[in-house]
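# I need the structure of the sequence given here:
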Amino acid sequence: MTETAPATEIHKFPCDACGSDMRFQPGTDTLVCDHCGNSETITGSPWARASAVAELDFQLGLQKALADEDMEETRVVSCRSCGATVEFDPNLHAAECPFCATPVVTDTGANRHIKPKAVLPFQLAEDDARRAMNDWLGSLWFAPNGLQQYARKGRKMSGVYMPYWTFDADTRSTYRGQRGTEYQERRSVMRNGKRQTVTVTKVRWRPASGRVARFFDDVIVAASAALPDRFRPALGKWDLAELEPYQPLYLAGFRAEAYSVDLETAFVEARQIMDRVILRDVKMDIGGDRQRVENIDTTVSDVTFKHILLPVWIAAYRYRGRAYRFAVNGRTGAVSGERPWSAIKIFLALLAALIVASAVGFLLAQSQS
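Predicted coordinates for the structure are as follows:
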């Protein structure tokens, strides 16, 4: 098993006292200097805090016509292995991708993109995230011994701010369908040569139509493909009510991944999420015992969006030539990840089960003889 060190930090802010790099301390609103102990508080005025929930016009975003203050340039590199688009220090010439531990080279130049509007700061420190990951690893059955050793060694994890889009939209839908009302009928049937009376549930269908309306607030869509889709449900929900106005200071000592899923593509997924909720609303509006939905016509208006950053602790390592990843929600400690299986442990477990089964069979045969 090859263990990998985390990629070099990119967001650096010098300490006023000694000039060393400061870092954001998770769970606080403070920057700390590990060299001299100096600390600084991140402050924000009421108008700046209100901007955390300010939305950008979706059509202007599509037309690339946003104001200059809503755009920024960063130096990024795309990992050829997992597709992550990660920011790097312009002075850094080579590093490893924090998502899959693949070596990458930073020579792609500047990337102009939509600036993050808000950030959800790290709540869990690295030690807390590692403890959550180790508990998860320790609960795995049939994992190779090398994996357990990796957990015990407690190698450093990479703190990464993952990009997401959120969408707001006003929707009005008209629908056509049928409302089903259940009723019971008693019938006489032949069973096993005997006539019996049974109760049968039937449905009486009637036409139904109407309108439903819903305002969607912060429909969230991942703006990166670096972590597989299967990771996301296990990471749990995000407390978006705690979003802070974007300030680079929150990123001190951490990485930030640039978005690789563009605004238009993300809205397609957001519409799918909205449509599922609208279908549920329509069925509730139809009422009855059962519903058939034949058509829904939805008008979407006043669409706005935000680009936000959410905190994830990442660990990546290679085992027998393959990269395995763990992800820990930087707010709640929820863990998701990949795992290798130990063929030897599985074989031994099956062998033990076979021996036990054979012993039980032998004892049963002896007791019956």
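# which stretches of the stretch 101-250 of the chain form strands?
For the stretch 101-250 of the chain, applying DSSP state E, counting those that start in this stretch gives strands covering 103-105, 110-114, 118-119, 158-191, 194-222, 244-245.
# ranking those by burial, who's on top?
Stretch with highest mean neighbour count among the strands of the stretch 101-250 of the chain: strand 118-119 (a mean of 22; mean count of other Cβ atoms under 10 Å). (Each C-beta comes from the backbone N, C-alpha and C, glycine too.)
# Which elements pack onto that strand?
With contacts taken as 3 or more Cβ pairs under 8 Å, 6 or more residues apart in numbering; DSSP states H and E, strand 118-119 sits against strand 244-245, strand 290-319.
# Give me the sheet partners of the helix or strand just after the longest one and which way each runs.
Read that as strand 290-319. Counting by DSSP states H and E, the next helix or strand C-terminal to strand 290-319 is strand 322-329. According to DSSP bridges, strand 322-329 forms sheet pairs with strand 290-319 (antiparallel), strand 335-337 (antiparallel).
# pLDDT on the last one, on average?
In this case it means strand 335-337. Mean pLDDT, strand 335-337: 84.
# Stretch 20-39 now?
For stretch 20-39, the per-residue pLDDT averages 91.
# What of stretch 234-246?
On average, stretch 234-246 scores 89.
# Same question for stretch 205-217.
For stretch 205-217, the per-residue pLDDT averages 98.
# looking at the strands paired with strand 322-329, which has the lowest confidence?
Minimum mean pLDDT among these: strand 335-337, a mean of 84.
# Using a markdown table, please lay out the strands of the stretch 101-250 of the chain together with distance to I314.
Shown next, in a markdown table, are the strands of the stretch 101-250 of the chain (distance: least, Cβ to Cβ, whole Å):
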| stretch | distance to I314 |
| --- | --- |
| strand 103-105 | 14 |
| strand 110-114 | 21 |
| strand 118-119 | 17 |
| strand 158-191 | 5 |
| strand 194-222 | 15 |
| strand 244-245 | 21 |
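# Between those strands, which one is closest to L137.
strand 158-191 (16.8 Å; Cβ to Cβ).
# Can you name the next helix or strand after the worst-scoring helix or strand of the chain on mean pLDDT?
When each helix and strand of the chain is scored by mean pLDDT, DSSP states H and E, strand 2-3 comes last, with a mean of 34. Later in the chain than strand 2-3, the nearest helix or strand by DSSP H and E is strand 13-14.
# partners of that following strand, with directions?
strand 21-24 (antiparallel).
# Please enumerate residues in contact with the partner strand?
Contact with strand 21-24 is made by 9, 12-15, 30-34, 38, 40, 42, 121-122, 249-254, as judged by Cβ atoms under 8 Å, 6 or more residues apart in numbering.
# Filter these down to the buried ones and hand me the PyMOL line.
The buried subset of the contacts of strand 21-24, as determined by 16 or more other Cβ atoms under 10 Å, is captured in PyMOL by this line:
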select buried, resi 9+13+15+31+32+33+40+121+122+249+250+251+252+253+254
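# Where does pLDDT dip in the stretch 101-250 of the chain?
101-110, 138-155 (pLDDT under 70).
# try 80
By pLDDT under 80, the weakly predicted segments of the stretch 101-250 of the chain are 101-111, 134-156, 193, 228.
# what about the spatially most central residue of the chain, distance to M162?
In the chain, the centroid-proximal residue (Cα atoms, centre = their mean) is R232; its distance is 3.2 Å. According to Cβ to Cβ, to the nearest Å, R232 stands 10 Å off from M162.
# Could you tell me which residues touch both of the two?
In contact with both R232 and M162: A222, using Cβ under 8 Å, 6+ apart.
# Can you verify my assumption that A129 contacts F326?
No: using Cβ atoms under 8 Å, A129 makes no contact with F326, being 9.3 Å away.
# Find residues that contact each of these two.
M157.
# Let me see the backbone angles for D70.
phi -100, psi 10 (degrees, to the nearest 10).
# Let me know the distance separating it from A258.
15 Å.
# Please identify which of those two sits among more neighbours.
A258 (20 against 15; other Cβ atoms under 10 Å).
# So for the closest residue to H113 other than its chain neighbours, what's the pLDDT?
Distances taken as Cβ to Cβ, 6 or more residues apart in numbering place A258 nearest to H113, at 6.1 Å, with adjacent residues excluded. On pLDDT, A258 comes in at 85.
# My guess is A258 contacts T74. True?
Yes: A258 lies in contact with T74 (Cβ under 8 Å); the separation is 6.3 Å.
# List the beta-bridge partners for P14.
Here P14, judged by DSSP bridges, has bridge partners D21.
# Looks like it contacts L31 (just checking).
No: contact criterion Cβ under 8 Å: P14 and L31 do not qualify, at 10.4 Å.
# if we can go back for a sec, among the strands paired with strand 322-329, which comes closest to A241?
strand 290-319 (12.4 Å).
# So which bits of that closest one are buried?
291-292, 296, 298, 300, 303-317, 319.
# is it true that E242 touches L120?
Yes: counting by Cβ under 8 Å, L120 is a contact partner of E242 at 6.2 Å.
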